[in-house]
Each structure stands twice: as C-alpha cells, then as structure tokens.
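**Q** Using only what follows, build the 3D model:
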Amino acid sequence: VSFLNTGQRLFGETAKKGSTVASAFTLKSTKRLIGRRYDDPETPKEVFMYTNRLLKTKSGHCAVDVGGAVYSITEVTAMFLNHLSLMCEVHFGEPVDMAVV
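**A** Take a look at the predicted model:
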C-alpha cells in the first residue's frame with residue numbers, strides 16, 4: 001500500500017513502483033505482522049527499520065508510522081481487502097457481499 005499526499009492510496013504494482021520515489025509512504029510485508037504482538041521475538045522489526053517506523057499500540061500489537069499517520073496492521077489489511085472488493089465489483093459488474101480470500 002502506498003499513500004499519496006492527496007490522500008489517495010495505491011495498491012499492487014502501482015504501489016511497488018511508487019516505493020522507489022516515496023519509500024517512507026509505502027508499506028510492504030505487513031502481512032507477516034497480522035496478529036503479532038510488538039514484543040514477540042518473532043516480530044520482524046528489521047523489515048521496517050529503513051522505510052517505516054514500527055510502533056507498539058496500546059493493546060501491545062504492531063502499528064506502522066507512514067509519514068506521520070499511524071495505522072494498525074488491521075487497518076492496513078482492511079484497506080487492501082476493501083480495494084480487492086472494489087476491483088471484484090468492477091470486474092463482475094455487481095456488488096460483492098461475500099468472498100473467500
């Protein structure tokens with residue numbers, strides 16, 4: 001997921017291309033943080049060392065700092081799933097109520 005100054009979000013290959021220019025505004029490898037606690041020794045903090053700050057939420061889970069805005073891993077995942085849902089709706093031409101990912 002890549003965040004633009006306009007508030008727009010980019011996903012997939014478009015976000016990957018944007019990461020070369022604005023790496024501080026691009027998230028990658030967040031899937032491996034789903035459900036992990038910040039203090040868990042398995043949490044891969046080195047992945048976020050250079051591009052985004054990995055933060056600890058009040059509940060002890062992981063969050064990321066993207067240009068001053070803090071997003072939980074759950075929020076980032078929801079953004080991506082919402083994008084997938086919209087892509088499916090455009091492809092099928094009807095609302096998508098249920099899906100298996």
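**Q** For the lowest-mean-pLDDT helix or strand in the chain, which residues meet the burial criterion?
**A** Using mean pLDDT, DSSP states H and E, the weakest-scoring helix or strand in the chain turns out to be helix 12-18, at a mean of 82. For helix 12-18, burial by neighbour count (16 or more other CB atoms under 10 Å) applies to 15, 18. Quick note: C-beta positions are derived from backbone N, CA and C, even for glycine.
**Q** ditto for stretch 67-77
**A** So, applying 16+ other CB under 10 Å, buried residues of stretch 67-77: 71-73, 76-77.
**Q** From these, pick the one nearest R53.
**A** Y71 (11.4 Å; CB to CB).
**Q** and the closest one, that one's in a strand?
**A** Yes - under DSSP: H, G, I helix; E, B strand; the rest coil, Y71 falls within a strand.
**Q** Once you drop chain neighbours, what's closest to it?
**A** V64 (5.7 Å; CB to CB, 6 or more residues apart in numbering).
**Q** Which residues are in contact with the one you found?
**A** Neighbour list for V64: 27, 30, 48, 52-55, 70-71, 73, 76 [criterion: CB atoms under 8 Å, 6 or more residues apart in numbering].
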